[in-house]
Structure formats: C-alpha cells, structure tokens
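Chemist: Dropping the sequence and predicted coords here.
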Amino acid sequence: NNKKVLGLKNFSLDIRAGEIVGIAGVEGNGQTELVEALTGMRQVESGIIEFKNKDITKKSIRERIDEGMAHIPEDRHRYGLVLDYPLSYNMALKSYFKKEFNNHGFLDYKKMTEYSDHLIQKFDVRSGQGSKTIARSMSGGNQQKAIIAREVDNDPKLLIAVQPTRGLDVGAI
C-alpha cells in the first residue's frame, strides 16, 4: 500500500443529520482513504474535515469518538477487535476511559462485564462463555455483531460503516 499515491483528491461531501450516504466503487478508488481520513486513522494532506460545525481535521481518533463518531471497519480483525481479549474488554474499547468504567485510572471490570452482557443480549451475539469469551474463538459473524453492538449502542451522531454486514447471515442482517 503506497502512501504516496493519491487515492482521493478534490473531494467534497456535505451530509446532514438523518441522511444515509452510500459510497460504492472499485477497490482502490479512494474509499479506504476517505474512511481513514474521516476517522482519524490517516492524516489529511490538504483541506479540512468538519463535523458538527467544528474543524476536526487534526483531532485524534478519541476526540472524534467523543464528538459522536463511530466506525464499523472493513477489517474486523485488524481494526475492530483485540482478538485475544475477552468480549467484556472489546465491548468497552471505545469507552473504558469514561467515568462509568474508570475510577481514577482503575478499570471497573464488573461494570465492563455488565455492559458487555447487556450488549450481547441486546444484539444477540452468540458467544460460548458470554463476556468471558475470547474474541478470536467466536465465529466471524458474531465478531461482526459484537463490533456493530459496540458502535451502534452509543447512538453515534455519525456512523461510518464499511461493509457492515460482512459475515452475517440473512437473519442477522
């Protein structure tokens, strides 16, 4: 993946609350770069990214999450889950630092597990040992449901979903 090649240039998009925007195209035509720029995984060479009328171009990934951005990544193993962690940790990946899970730098594993148990039930994530289940041991479809649960449950202001139904059966979709 050559970072010198411009995958996206002269691109402008204006999305309003409540809108659903789909972007399709042949792989390599800039969709990956767009997602990485929006989520903060890639620095923008020029231009700005505004979210909720604020310039977030230089904001960190966490700051974007705090603003209400959520991301269901294309590659759930590389960017969606820590495969050797239990579901309870994975479900709290984007919120472990918040007050409900963190007391002066000490994680509240009980509350993390309660939150994870809630998401597992609400989104019908099939896991052999519930919140104790190591993410790697789950089927791809249930790994995907876990990511979707984590990202959707916080009622994001912007949800960037890249092939969100990959690996899910028709009933789960």
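Modeler: Nice, I can see it. Residues are numbered from 1 along each chain as shown.
Chemist: any idea how far the most centrally placed residue in the chain lies from residue 154?
Modeler: Taking Cα atoms, centre = their mean as the criterion, residue 71 is the residue nearest the geometric centre of the chain, at 2.9 Å. Distance from residue 71 to residue 154, counting by Cβ to Cβ, to the nearest Å: 12 Å. Glycine gets a C-beta too; all of them are placed from N, C-alpha and C.
Chemist: sorry, back to before: I'd say the residue nearest to the centre of the chain and residue 40 touch.
Modeler: No. With contact defined as Cβ atoms under 8 Å, residue 71 and residue 40 do not form a contacting pair (9.3 Å).
Chemist: And the contacts of the worst-scoring helix or strand of the chain on mean pLDDT?
Modeler: When the helices and strands of the chain are scored by mean pLDDT, DSSP states H and E, strand 102-103 comes last with a mean of 88. Strand 102-103 is contacted by residues 96, 108 when judged by Cβ atoms under 8 Å, 6 or more residues apart in numbering.
Chemist: now what about the helix or strand following it, what contacts it?
Modeler: Downstream of strand 102-103, the first helix or strand assigned by DSSP states H and E is strand 106-107. For strand 106-107, the external contacting residues (Cβ under 8 Å, 6+ apart) are 96, 101.
Chemist: quick check: mean pLDDT across strand 106-107?
Modeler: Taken as a whole, strand 106-107 has a mean pLDDT of 94.
Chemist: quick one: strands adjacent to it?
Modeler: Strand pairing for strand 106-107, using DSSP bridges, gives strand 102-103 (antiparallel).
Chemist: Give the residue spans of this structure that score low on pLDDT.
Modeler: Low-confidence segments of the chain, defined by pLDDT under 70: 1-7.
Chemist: For it, which segments are assigned as helices?
Modeler: With helices called from DSSP state H, the chain shows them at 31-39, 61-67, 87-91, 109-122, 140-153.
Chemist: tell me the most buried of these?
Modeler: helix 87-91 (a mean of 25; mean count of other Cβ atoms under 10 Å).
Chemist: just to revisit the earlier point, so who does the residue nearest to the centre of the chain touch?
Modeler: 35, 39, 79, 151, 159, 160, 161, 162.
Chemist: Just put these in TSV and tack on distance to residue 112.
Modeler: What follows is the contacts of residue 71, written out as TSV (distance: Cβ to Cβ, whole Å):
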residue	distance to residue 112
35	28
39	23
79	21
151	17
159	23
160	25
161	24
162	26
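Chemist: Most widely separated two among the residues you listed?
Modeler: 79 and 159 (15.0 Å; Cβ to Cβ).
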